[in-house]
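Enquirer: Okay, predicted coordinates and the sequence, questions at the end:
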Amino acid sequence: DNGASVGGPQFVLSPLVVDFHLDPASDVSSGGVFSLYVNDSTATVIVNTTNGLNYEDVSEYTVLLYATSNGSLINCSMDVSVNDINEKPTIDVGTPPTRNVSEAAVINDYVNGPPIKATDPDTSDEHVYSLINADPIEGLTYFGIGGCSGLIYVQEEGLDALTQSTYNLTVRVRDDASDSLSDIGNVTIDVLNANDAPYFTVNENEVYCSIDENSVANETVGGSNCSSIPWYDPDVPFGDYVVWSISRND
């Protein structure tokens, strides 16, 4: 941080020293990130930038120091090593943060869309992804995520677009440093309708049809559940319609 002291010993100044300063050339070569704080008897090298130091950009600096004593110029150099610290990864859930999957998906099918990713200033870090929450909570039952790949997949069948058309998942990415850090993001999974076959809601033993002999054309066949055989199609709410036909005439 700006104004922080560089670790290491202070410079104790002799009363004979009349001037003690950083070499302007070294200050330029080091990006102007250091300055010298001098009081009556000591001098301390301090950080002189609001942007802070970044190990990933520059891990070591050499600072030249000059002192004037009894008319003589004395110089020395000081190596400043920047200590690497773990930095937080940033999750990338995509723009927009949405994926989709068919309600007919089976176990281990991937949802459609790119994997969850992360950026990290610590480029050597590995990252592990996990799902930590869902709305509704059943999303944690239906979906999983590859710990290394960041790909979301179906881990249980039974998705139904009519019952629940979207799931909002909270994803966490964690780095593998000893002082592990993490970030979270949210992604929406849209469940797409798949065509379902219509079916009768009664069995053949519950249907009995009859009609009198010598009936004329267009007379309705009577009987139990015959004039309007009960049926159901889950896709009618999505615009499906059914077409009736006689498949067999014995």
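Expert: Okay, I see it.

Enquirer: Distance-wise, check the residue in the chain sticking out farthest from the centre relative to V111.
Expert: Within the chain, N214 marks the point farthest from the mean C-alpha position, 73.2 Å out by Cα atoms, centre = their mean. When distance is defined by Cβ to Cβ, to the nearest Å, N214 is 62 Å away from V111. In this view, the C-beta of every residue, glycine as well, is placed from N, C-alpha and C.

Enquirer: Same check on N83?
Expert: Going from N83 to V111 by Cβ to Cβ gives 41 Å.

Enquirer: more neighbours, the two?
Expert: Comparing N83 with V111 by other Cβ atoms under 10 Å, the one with more neighbours is V111, at 22 against 8.

Enquirer: Could you report the separation of that one from V45?
Expert: 54 Å.

Enquirer: Check D176 too.
Expert: As judged by Cβ to Cβ, D176 and V45 stand 34 Å apart.

Enquirer: which residue ranges form the helices in this protein?
Expert: 24-29, 139-142 (DSSP state H).

Enquirer: ranking the ones you listed by mean pLDDT, which is last?
Expert: For the helices of the chain, mean pLDDT drops lowest on helix 24-29, to a mean of 48.

Enquirer: Tell me how many other residues surround A197.
Expert: Based on other Cβ under 10 Å, the number of other residues close to A197 is 7.

Enquirer: pLDDT wise, what is it at?
Expert: Here, the pLDDT recorded for A197 equals 83.

Enquirer: got the contact list for it?
Expert: Residues in contact with A197, defined by Cβ atoms under 8 Å, 6 or more residues apart in numbering, are D233.

Enquirer: how much space between it and N100?
Expert: 23 Å.

Enquirer: likewise Y153?
Expert: 13 Å.

Enquirer: what does T220 give?
Expert: 46 Å.

Enquirer: And these two? Which one has more around it.
Expert: N100 (13 against 10).

Enquirer: State the pLDDT value of the closest residue in space to that one that isn't next to it in sequence.
Expert: Distances taken as Cβ to Cβ, 6 or more residues apart in numbering put D190 closest to N100, at 4.2 Å, once the chain neighbours are dropped. Note on D190: pLDDT of 98.

Enquirer: what about D190, how many residues close to it?
Expert: 15.

Enquirer: Surely it touches L169?
Expert: No - here D190 does not reach L169: they are 11.8 Å apart, not a contact under Cβ atoms under 8 Å.

Enquirer: The closest residue to D240 other than its chain neighbours and V101, how far apart?
Expert: In space, and not counting its chain neighbours, D240 is closest to D233: 5.7 Å by Cβ to Cβ, 6+ apart. Going from D233 to V101 by Cβ to Cβ gives 22 Å.

Enquirer: Which one of those two is surrounded by more residues?
Expert: Between D233 and V101, counted using other Cβ under 10 Å, V101 has the larger neighbour count: 23 against 15.

Enquirer: show me the residues around the more buried one that make contact.
Expert: The contact partners of V101, taken as Cβ under 8 Å, 6+ apart, are D109, V111, N112, V154, L159, I189, D190, V191, L192.

Enquirer: likewise P121?
Expert: Per Cβ under 8 Å, 6+ apart, neighbours of P121: N54, E56, E87.

Enquirer: Now tabulate the residues you listed in TSV and tack on distance to N203 and neighbour count.
Expert: Formatted as TSV, the contacts of P121 follow (distance: Cβ to Cβ, whole Å; neighbours: other Cβ atoms under 10 Å):
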residue	distance to N203	neighbour count
N54	73	12
E56	70	13
E87	65	16
